[in-house]
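Enquirer: What follows is a predicted structure for the sequence shown.
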Amino acid sequence: MPRQVDVRFELPDEVASNLRDEDLTAKVKEAFTMELLREHTISQGKAAELLGIDRHALFDLMAKYQVPVVDMTPEELEQEFQRADALFREKRS
């Protein structure tokens with residue numbers, strides 16, 4: 001069974017007074033999930049599940065947080081292009 005962790009931190013009054021509790025909780029969960037995704041700690045599927053959103057909404061959120069949807073080295077990307085090209089040529093034959 002997954003373990004739940006409660007996290008607490010303090011905000012200055014001038015920041016906290018402008019936030020509603022439900023907004024703050026959602027924003028913190030969203031930002032933390034995006035950081036886990038950026039660090040490759042969780043998958044895109046898990047991030048969407050944690051936030052209760054679909055993949056399309058996740059991609060929008062990733063753009064907002066500047067988390068790459070495709071995170072490959074140039075070499076990995078070149079290999080993917082080569083595989084796709086080979087498959088395309090095979091299908092046309």
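Expert: Good, I have the coordinates.

Enquirer: and residue 37, how many residues sit next to it?
Expert: Residues near residue 37, counting by other C-beta atoms under 10 Å, number 23. All C-beta spots, glycine's among them, are computed from the backbone N, C-alpha and C.

Enquirer: who touches it in this structure?
Expert: 43-44, 47, 62, 67 (C-beta atoms under 8 Å, 6 or more residues apart in numbering).

Enquirer: how does it look with 6 Å?
Expert: Residue 37 sits next to 47, 67 when contact means C-beta atoms under 6 Å, 6 or more residues apart in numbering.

Enquirer: Likewise for the one 5 residues further on?
Expert: Residue 42 sits next to residue 36 when contact means C-beta under 6 Å, 6+ apart.

Enquirer: what does residue 62 give?
Expert: For residue 62, the contact set (C-beta under 6 Å, 6+ apart) comprises residue 69.

Enquirer: any idea which element it lies in?
Expert: For residue 62, the enclosing helix or strand under DSSP states H and E is helix 55-64.
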